[in-house]
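Visitor: fold the following, please.
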Amino acid sequence: MGAGMNHTVLPQATDDRDLLAALKAVLTGHEQVSISTPEGSVPLPDSVLGLLVDAVTALDQGQAVTVEPHRTVLTTQEAAELLGITRPTLVRLLEAGKIPYTSPGRHRRVELADVLEYQQRERARRGQVFDEMAHEETPDPGAATDGFVSTR
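Guide: Numbers count the residues shown, from 1 in each chain. Model (predicted):
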């Protein structure tokens with residue numbers, strides 16, 4: 001797979017489910033996983049092992065998997081596309097100090113690790129907000145005397 005290319009794998013027929021389950025068991029075991037060839041074996045680094053576990057888990061759940069290489073330093077447009085927002089929105093986040101950036105000239109550059117960290121922080125924050133909303137006290141509709149619940 002060359003730089004700039006991506007590769008998508010669609011989930012296969014149910015015949016592969018047993019094979020995927022066995023592969024997932026091997027990958028998530030507590031032993032070092034290696035790839036063996038006639039020339040010898042090479043242990044898988046943790047980063048590659050994690051990628052394989054995620055891919056096999058998704059395929060086992062019937063989801064498609066895409067592997068796409070990213071540069072580690074992104075333009076604002078690339079970072080915005082990764083986050084699913086517009087470039088002007090990303091620039092506002094940069095200027096507000098929510099994501100660190102550098103300006104090695106006229107153009108801003110953003111580290112991929114910083115963009116992914118921001119994405120994780122936002123997911124965690126949104127999850128916390130949803131949890132708080134779910135635990136807010138709501139009036140019992142049966143307690144309304146006229147059948148209407150006051151919302152304000």
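
Visitor: C-alpha from now on. contacts and neighbour counts both.
Guide: OK.

Visitor: could you pull up the residues touching the residue nearest to Leu112 when sequence neighbours are not counted?
Guide: In space, and not counting its chain neighbours, Leu112 is closest to Thr72: 4.9 Å by CA to CA, 6 or more residues apart in numbering. Counting by CA atoms under 8 Å, 6 or more residues apart in numbering, Thr72 makes contact with Glu111, Leu112, Ala113.

Visitor: so where does Asp18 fall, helix or strand?
Guide: Here Asp18 is covered by helix 17-27, with elements defined by DSSP states H and E.

Visitor: just give me how far that helix sits from the chain centre.
Guide: Relative to the centre of its chain, helix 17-27 is centred 22 Å away, using CA atoms, centre = their mean, to the nearest Å.

Visitor: still on that earlier bit, quick one: the residue nearest to Leu112 from Val110, how far?
Guide: 8 Å (CA to CA, to the nearest Å).

Visitor: now do the buried residues in stretch 115-131.
Guide: Buried residues in stretch 115-131, defined by neighbour count with 16 or more other CA atoms under 10 Å: Val115, Tyr118.

Visitor: go on, stretch 54-68?
Guide: Ala55, Val56, Thr57, Ala58, Leu59, Asp60, Val65.

Visitor: who does the helix or strand hosting the fifth one touch, helix- and strand-wise?
Guide: Using DSSP H and E, the element containing Leu59 is helix 46-60. In terms of contacts (3 or more CA pairs under 8 Å, 6 or more residues apart in numbering; DSSP states H and E), helix 46-60 is packed against helix 17-27, strand 65-67.

Visitor: hang on, the earlier thing: nearest to Leu44, of the contacts of Thr72?
Guide: Closest approach between the contacts of Thr72 and Leu44, by CA to CA: Ala113, at 21.9 Å.

Visitor: quick one, what contacts the closest one?
Guide: Counting by CA under 8 Å, 6+ apart, Ala113 touches Thr72.
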